[in-house]
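*Asks:* Predicted coordinates and the sequence they were generated for:
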Amino acid sequence: MRLSRYFIPTLKEIPAEAVIPSHQLMLRAGMIRGLSSGIYSLLPLGYRVWKKVMQIIREEMDAIGGMELHLPALNPREIWEETGRVEAFGDTMFHIKNRDLVLAPTHEEIITHLAQAFVHSYRDMPQIWYQIQTKFRNEPRPKSGVIRSRQFLMKDAYSLDNSWEGLDASYQKHYEAYCRIYSRCGLEFFVVGASSGAMGGSGSQEFMVESDAGEDLCAFNLESGYAANIEVAASRMPKVGRVDENPAAEKFATPTAKSIDDLVEQYGIPAERCAKALVYFADENPYLIFMSGNDQLNEAKLQTALKANNIRPAHDDELVALTGAHGGSIGPINLKSNIPQIADARLEHANDMVSGANEDGFHYRAIDLDRDANIQQYVDLRTVIEGEPDPIGGQPLKVKKAIEVGHIFKLGTKYSEALKALFLDDQGNSHPIIMGSYGIGVERIVACHIEQRHDKDGICWHPSIAPFQIQITGVKVENDTVREHAERFEAELEAAGFEVLYDDRTGVSPGFKFKDADLLGMPINVIVGEKHLNDGNVEIKIRSTGERRIVPVADVVATCESILAELGA
RNA sequence: CGGAACGUAGCGCAGCCCGGUAGCGCACUACCUUGGGGUGGUAGGGGUCGCGGGUUCAAAUCCCGCCGUUCCGACCA
């Protein structure tokens, strides 16, 4: 491919709207062009990378028996109502104005609809169906270039099984295929236990790439092997427990104590002996929640514990109406209304606690939660903090930001029950199909790759997904010897099966070409110029390391082959 | 949806406070020059100053409304 004829609109300056390196470099390298917030055109150079990522995904999905299909992006709204997900998605789902259609944000419903029509016997399973298609989500705030956008490519796979053991096997196959996919794309990644959220299901794991641009926090310890999204991460924190003396609860005035820290400072109460009370609404039902000291409530855990679609903190006026006091003075005793109470597991059976009196400016001490409160369940509701002991080996947890590049779910029967996708077992009994769902964000793989592999000059592609494996830089192609050699290398390298981008532009200075080559970031740059040709040599530069090898003209193809092999092509 | 900033040529920006016929760099066109790390020069082309209204003799500039983009927060199947 000749660069003079290929459409690569590179930019010298960084467009103002791009903040993170992958977004800046995709724009500067002429890979993408923004059309509107969270909506991008993929230009030829960028689309080559996308296609390579999709090809790797296809190969690995096919290898575990997956069958690719193509599904409608326009869906009748009705089918999404049957699973309750019009409401669950809310404003995130695009609705067509002049038809009763929605733009599909994912495809569980459509797959289940197909299964309901065609999969009726235990003999028909297992099945793995997948698609690589555009998904639409009305993100309230697109950001970070293609990482969070309103229209994006996702590989979605769905497994259909006739037993829970079958689901485990299908899930495991996907787990292994995903590891191969990310490795082949040259990504460093890790896997964490995750929340299945509104997708439903019994378990899920996320494939994560560590990045400051990440929107997820993950807690992990490399020695013990524990790794979890902060939404579900646990730590081995001691329970607050009981003390021997257990006098009656006693009210005392705390006119200037509004926070746990105030109680600690003014009255010398150990922070963990404070039962911090919070009021949350879960699908419009209020709950009183107790946390120990300054432990941070984890809203994802609360939502899971309450099995709620939506949760939110109570407003100030609601606090007063429900408890009798403003925030900071709420507790288990003398509540104005009888609202359900749940508490973090650290507080289980604790006594000798301090908590609000439901009267502004007063607290109770010597509270026994078993005696003085009416707590219906104790569950883990804490947000773990870096340094706390992990739940496996008690090693200190680290917390890092990460980008989610894949998510695998054991869905179970949520969708098959809702859409009546049933099969008969060998006894003739009817059961809902047992499903799994497995997603990969295509553009996130590309973005994460660039986040992990770039320097001040540009991108450093891994050969597996580089737009071209080899760039040939013709230094002063007006010189016949230079041009003839460059063209010969182009032909020989292409004949050897490589993808080659030959910078044949005339009237462009060498420095300009070198800068462009570094920006575009092909793994190998074959530099053809008089300087070395006069000695019968050519310079070959490795983008990722900066290493330069001077090789005889006759060895160019062999050298490229061996370098690409070294680079893991 | 809350808070903030920005919107002037394809890109990056100045001009706005203090109203008077729109500028710089890059890119683009032509010619010359240079030729191993974004050469140097000469001459050009390109802008309803986001949109609408208002104030004024006169608005990129002041006022009001809207739209868009980005950042922080909320949300994120």
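*Replies:* In hand now; what should we look at?

*Asks:* so what does the helix or strand of chain A with the lowest mean pLDDT touch, helix or strand wise?
*Replies:* Lowest mean confidence among the helices and strands of chain A (mean pLDDT, DSSP states H and E): strand A:311-313, at a mean of 84. Applying 3 or more Cβ pairs under 8 Å, 6 or more residues apart in numbering; DSSP states H and E, one finds that strand A:311-313 contacts strand A:275-282, helix A:299-306. Backbone N, C-alpha and C define where each C-beta goes, glycine included.

*Asks:* Roughly how far does A:Asp62 sit from A:Glu139?
*Replies:* 31 Å (Cβ to Cβ, to the nearest Å).

*Asks:* The least confident helix or strand of chain A pairs with which strands, and in what direction?
*Replies:* Sheet pairing for strand A:311-313, assigned by DSSP bridges, gives strand A:275-282 (antiparallel).

*Asks:* check contacts around the residue positioned nearest the centre of chain A.
*Replies:* Geometric centre of chain A, nearest residue: A:Glu404, 1.5 Å, by Cα atoms, centre = their mean. A:Glu404 is in contact with A:206-208, A:214-216, A:441, A:444, counting by Cβ atoms under 8 Å, 6 or more residues apart in numbering.

*Asks:* If we use 10 Å, what do you get?
*Replies:* A:Glu404 sits next to A:147, A:192, A:194, A:206-209, A:214-216, A:218, A:229, A:439, A:441, A:444, A:448 when contact means Cβ atoms under 10 Å, 6 or more residues apart in numbering.

*Asks:* cool, A:Gly507 as well?
*Replies:* Contact analysis of A:Gly507 by Cβ under 10 Å, 6+ apart lists A:476-478.

*Asks:* Contact partners for the residue in the stretch 1-150 of chain A that RNA strand B sits nearest to?
*Replies:* The stretch 1-150 of chain A approaches RNA strand B most closely through A:Ser37 (2.9 Å), counting by Cβ to the nearest atom of the strand. With contact set as Cβ under 10 Å, 6+ apart, A:Ser37 has these partners: A:17, A:139, A:141-143, A:149-150.

*Asks:* let's go with 7 Å and repeat that
*Replies:* A:Pro142 (Cβ atoms under 7 Å, 6 or more residues apart in numbering).

*Asks:* And for A:Lys476?
*Replies:* By Cβ under 7 Å, 6+ apart, the contact set of A:Lys476 is A:482, A:529-530.

*Asks:* now do 6 Å
*Replies:* A:Val482 (Cβ atoms under 6 Å, 6 or more residues apart in numbering).

*Asks:* could you measure it against RNA strand B, distance?
*Replies:* Here the criterion is Cβ to the nearest atom of the strand, to the nearest Å. By it, A:Lys476 lies 4 Å from RNA strand B.

*Asks:* Shouldn't that residue be within a helix?
*Replies:* No - assessed with DSSP: H, G, I helix; E, B strand; the rest coil, A:Lys476 is coil; it does not lie in a helix.

*Asks:* beta partners of A:Asn221?
*Replies:* With DSSP bridges as the rule, A:Asn221 is bridged to A:Tyr226.
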